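Chemist: Here you go, sequence then predicted model.
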Amino acid sequence: MASHGLDVYMPIIILMAFAVIMIVGALLVGRILRPHNPNALKESAYECGEEPIGIAWSNFNVRFYVVSLIFIIFDVEGALMFPVAAVFKKFASIGLGAPVFASFVLFILILFSGVIYCWKKGDFDWVKSYRIPSSK
Amino acid sequence: MFEQILFLLSATATIGFTVAVVGTNNLMHACMYLLGTLFGVAGLYATIGADFLAATQIVVYAGGVVILMLFAIMLTGGAEDKKNRFGIEKIPSMGSTKTYIVAGASVLIIAMIVLKMTANIHTANKDLAVASTGNESTVFNIGSLLLTDHILAFEISSILLLGALVGAAIIARPKRN
Amino acid sequence: MNSTIVSYLSQFEGYQKFVSMASSFLGSNASGYITFLVFFLGAFVIVNVMALIGGLGTYAERKISADLQMRQGPNRVGPYGILQFLADGVKMIMKEDIIPSASDKFMFTLAPLLALLGVLATFAVIPFSSGLMLSDLNVGVFYLIGVSSLVGVGVFLAGYSSNSKWSMLGGMRGASQIISYEVPVTLSILSIVLLAGGMSFGTLVNAQSGFPHEWFILHNPFTFIGFFVYFIGALAETNRAPFDLPEAESELVSGYHTEYTGMRFAFFALAEYMEVFVVCGVAAALFLGGYKVPFDLGDGAFFTHTLHLPEFIGKNIGQVLELGSFFTKTLVLYYIVIWIRWTLPRLRVDQLMTLCWKYLTPIALFNLVGCAFWMYYFEGKSLYVLLFKSAAHAAGAGH
């Protein structure tokens, strides 16, 4: 059957369906079993017993965004390296190990220079880079 | 038969979530529907046998780009769905009925022209399409091609990614003061 | 090759007879429906076993932490308190379902769903044993990396949708921690993929064998370090202490799941414990030989040929041995994860990021280059083979 190869994706869909069923089912069962007494105090956000002051997100640390940008770049590099790594063994067994090794290492070196650049520019420091250098 | 079911699920997910992305007012909700769309596209890749591409779609897009978009929305304060910083009350609509009619008609015309031009390519590849679904793995083909025919593209892509990294870091870096 | 549990079962005559019986009953080829049924049952069993392991994981954590802190731990509900997790589950279902009024209801419900989805979808590729893997995807380990990032989206969404300061901060930190530590984890997995020559879990486990000197952890010094890099990175990805800043109990009340009560919180906790199992399982499969049993008992050849048992029994005994091997290794790692939690203090957020980007990522890149060099220069032979087999060859050639 032509779809023998695609059968391998069936458990993925089944498991995702199970996740949805689990959550929906548990919440439905709970709706029957639970008490339901809403009042304004219960439903307000928790702030250690006080009334919540101000909106929830006032100062956003841009560090988070820079880290996620760097992560995307590394993710794509990883995605590019995976097929090369998977065929490395085959190339090495037929004797072409040296050029494959050279191209792989060149790729990684260019990637690594990106790491060094971000390191030097302080992208990987968290709050500490804001310390005023007064004692130097 | 599972091929049809997988295709139907993926296509429904892609189209349905895309309509939801475009139709919702709330930017965060739109990001979540985009996650569904990207999973649908990954399912479509899986249906035609491109298993590595489906996995890459999930890793890079659903796992990376969606988080990036969520952080970007938080950074630019687009999460408030009623007013944005400039006091504008709702997201400006995408045009009137006339716009949609003109756009729809032009899409139809361009699609017919393109399909006519590529019709002979489609009939020539029909035999290939039947044989290519199944057990063969695309990973070894992609890996071998990246190391033999397209090795220059492989190395240049790493330089491209380095440029993207440096550029993004320069633009997004917080100013020291 | 894509092989699944169905292709393992279809080598037995009983299964073929069953399919042909069903086909004659239905009038058309029933193998598709039987496949679906097998997958459904397999997924059902796996989800239940994993949920049980998740629940027992909470119990194990409380008992082990009690042991480390010289106290008793739960011992009331059932013998040795082992039914404690069931009591907790019942309690959580009966709790009132409070959705904060300021929150976004759709996203509030979506967050635990995404976390659970991210974990359950990884079960499809975990190599429990050579035949009982639900599906041996060609891109197995790559797919696993991708799907476990969904948990990060779930964490962020939980933090955002609760619309409370603690949750927002916890969600941000949690998401950025998960994505940062994905980089050294991916690089460590890459070095193993390089040595094994494939991305599917079947290939990765079959490149190893039963005895410790044939595992990847002792293959070369780079993979040895790689194991620890992977373990630390994966620990951070699951938000377990000492990396549990997003749920830091002493700082952020409860971090991104402050506002979640009852069953919704139970889903987050369940997803976390199941994810720890998945991470330990992947570590066992990649570095510790997975389901491989010493003396190659796993493929049932010993039982079928030497003991002359019928093939069905022989192969299945082999499968049970493989299951036992996999679970033993995974549960030992699980114990170590719990042990680490109650021993080490928590890392600060800047220490977290420094550890990831300034230490683990360069080390992982160095390991990758080292493994590539090993593959090129020694043709991927392990240290044991190089040191001892070559000595045996030299001794044998002298005869």
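Modeler: Nice, I can see it.
Chemist: Lowest mean pLDDT among the helices and strands of chain B, which one is it?
Modeler: One helix or strand of chain B scores below all others by mean pLDDT, DSSP states H and E: helix B:126-132, with a mean of 52.
Chemist: That helix: what's the following helix or strand?
Modeler: helix B:138-147 (DSSP states H and E).
Chemist: List the buried residues in that next one.
Modeler: Going by neighbour count (16 or more other CB atoms under 10 Å in any protein chain shown), the buried part of helix B:138-147 is B:T138, B:V139, B:F140, B:I142, B:G143, B:S144, B:L146, B:L147. Just so you know, the C-beta spots here come from the backbone N, C-alpha and C atoms, and that holds for glycine as well.
Chemist: Closest one of those to chain A?
Modeler: Ranked by distance to chain A (CB to the nearest CB), the buried residues of helix B:138-147 are led by B:G143 at 3.4 Å.
Chemist: just checking, that closest one touches A:A86?
Modeler: Yes - taking contacts as CB atoms under 8 Å, B:G143 lies within contact range of A:A86: 5.3 Å.
Chemist: Let me see the confidence value for the residue in the stretch 51-200 of chain C that chain A sits nearest to.
Modeler: Distances between the stretch 51-200 of chain C and chain A by CB to the nearest CB are smallest at C:G197, namely 3.1 Å. Note for C:G197: predicted pLDDT of 88.
Chemist: for C:N220, same thing?
Modeler: 88.
Chemist: next one: C:A301
Modeler: So, for C:A301, pLDDT stands at 70.
Chemist: wait, what's in contact with it?
Modeler: C:G314, C:G318 (CB atoms under 8 Å, 6 or more residues apart in numbering or on different chains).
Chemist: mind listing the helices for chain B?
Modeler: Using DSSP state H, the helices of chain B run over B:2-23, B:27-47, B:51-56, B:66-75, B:97-117, B:119-124, B:126-132, B:138-147, B:151-172.
Chemist: List of residues touching the third one?
Modeler: Contacts of helix B:51-56 with the rest of the structure, by CB under 8 Å, 6+ apart, involve A:79, A:82-83, B:42-43, B:45-46, B:137-139, B:142, C:2, C:137-139, C:142-143, C:146.
Chemist: Also the fifth one?
Modeler: Outside of helix B:97-117, no residue comes within contact range by CB under 8 Å, 6+ apart.
Chemist: Do me a favour and average the pLDDT over it.
Modeler: 88.
Chemist: With the first one instead?
Modeler: pLDDT averaged over helix B:2-23 equals 90, rounded to a whole number.
Chemist: Determine if any part of that helix is in contact with chain C.
Modeler: Yes - judged by CB under 8 Å from any CB of the partner chain, helix B:2-23 comes into contact with chain C through B:F2.
Chemist: And the contacts of that helix?
Modeler: So helix B:2-23 is in contact with A:2-3, A:6-7, A:9-10, A:13, B:29-30, B:33-37, B:39-44, B:46-47, B:94, B:133, C:32, C:35-36, going by CB under 8 Å, 6+ apart.
Chemist: so the closest residue to chain A within the stretch 251-399 of chain C is in which element?
Modeler: In the stretch 251-399 of chain C, the residue that lies nearest chain A is C:D350 (3.2 Å; CB to the nearest CB). Element membership of C:D350, judged by DSSP H and E, is helix C:349-354.
Chemist: Please identify the buried residues of the helix or strand following that helix?
Modeler: As assigned by DSSP H and E, the chain's next helix or strand after helix C:349-354 is helix C:361-378. Within helix C:361-378, the residues scored as buried using 16+ other CB under 10 Å are C:361-376.
Chemist: Now do helix C:361-378: which elements does it pack against?
Modeler: helix A:63-93, helix A:97-120, helix C:165-196, helix C:221-237 (3 or more CB pairs under 8 Å, 6 or more residues apart in numbering or on different chains; DSSP states H and E).
Chemist: give me the subset of the buried residues of helix B:138-147 touching chain A.
Modeler: B:V139, B:F140, B:I142, B:G143, B:S144, B:L146, B:L147.
Chemist: And the helix or strand where C:G314 lies, what's buried?
Modeler: If you go by DSSP H and E, C:G314 is part of helix C:311-341. Buried residues in helix C:311-341, counted by 16+ other CB under 10 Å: C:314-319, C:321-323, C:325-327, C:329-331, C:333-334, C:337-338, C:340-341.
Chemist: Quick check: nearest residue in space to the residue of chain B found nearest chain C, chain neighbours excluded?
Modeler: Proximity of chain B to chain C (CB to the nearest CB) peaks at B:G63, 3.0 Å away. In space, and not counting its chain neighbours, B:G63 is closest to C:S149: 3.0 Å by CB to CB, 6 or more residues apart in numbering or on different chains.
Chemist: what about the stretch 201-350 of chain C, any weak spots by pLDDT?
Modeler: C:241, C:246-257, C:300 (pLDDT under 70).
Chemist: Tell me the residues on it that lie near chain A, please.
Modeler: Counting by CB under 8 Å from any CB, the stretch 201-350 of chain C sits next to chain A at C:V253, C:T258, C:E259, C:G262, C:M263, C:R264, C:A266, C:F267, C:V349, C:D350.
Chemist: Give me the neighbour count for C:S7.
Modeler: 17 (other CB atoms under 10 Å in any protein chain shown).
Chemist: Helix or strand: which one has it?
Modeler: Counting by DSSP H and E, C:S7 is part of helix C:5-9.
Chemist: Show me what that helix packs onto, helices and strands only.
Modeler: With 3+ CB pairs under 8 Å, 6+ apart as the test, helix C:5-9 has helix C:31-68 packed against it.
Chemist: Report the buried residues of the helix it packs on.
Modeler: Neighbour-count burial for helix C:31-68 [16+ other CB under 10 Å]: C:31-32, C:34-36, C:38-39, C:42-43, C:46-47, C:50-51, C:53-55, C:57-66.
Chemist: For chain B, tell me which of those residues show up nearby.
Modeler: Applying CB under 8 Å from any CB to these, those adjacent to chain B are C:G32, C:T35, C:F36.
Chemist: Run through the residues of chain B sitting next to chain C.
Modeler: With CB under 8 Å from any CB as the criterion, chain B meets chain C at residues B:1-2, B:26, B:28-29, B:32, B:35, B:51-52, B:54-56, B:58-59, B:62-64, B:66-67, B:70-71, B:74, B:79, B:135, B:137-139.
Chemist: run the last query once more with 6 Å
Modeler: B:1, B:51-52, B:55, B:58-59, B:63, B:66-67, B:70, B:135, B:137, B:139 (CB under 6 Å from any CB of the partner chain).
Chemist: Mind checking which of those are buried?
Modeler: Here, 16+ other CB under 10 Å leaves B:D51, B:F52, B:A55, B:I58, B:V59, B:G63, B:V66, B:I67, B:L70, B:S137, B:V139 buried among the residues of chain B next to chain C.
Chemist: pLDDT check: weakest of the residues you listed?
Modeler: Lowest confidence among these: B:S137, with 73.
Chemist: The nearest residue to C:G54 once chain neighbours are set aside: which element?
Modeler: Excluding the flanking residues, the one nearest C:G54 by CB to CB, 6+ apart is C:Y273, at 4.0 Å. Assigned by DSSP H and E, C:Y273 falls within helix C:262-287.
Chemist: Show me what secondary structure element comes after that helix.
Modeler: With DSSP H and E setting the assignment, the helix or strand that follows helix C:262-287 is helix C:301.
Chemist: That next one: how far from the chain's middle?
Modeler: For helix C:301, the separation from the chain centroid amounts to 28 Å (computed by CA atoms, centre = their mean, to the nearest Å).
Chemist: returning to what we had before: of the helices and strands packed on helix C:361-378, which stretch is the most buried?
Modeler: Highest mean neighbour count of these: helix C:165-196, a mean of 27 (counted as mean count of other CB atoms under 10 Å in any protein chain shown).
Chemist: could you measure the residue in the stretch 1-150 of chain C positioned nearest to chain B against A:A86, distance?
Modeler: For the stretch 1-150 of chain C and chain B, the shortest gap (CB to the nearest CB) falls at C:S149, measuring 3.0 Å. According to CB to CB, to the nearest Å, C:S149 stands 21 Å off from A:A86.
Chemist: what does chain C have sitting close to chain B?
Modeler: Checking chain C against chain B by CB under 6 Å from any CB, the hits are C:2, C:32, C:138-139, C:142-143, C:145-146, C:149, C:153, C:156, C:175, C:179.
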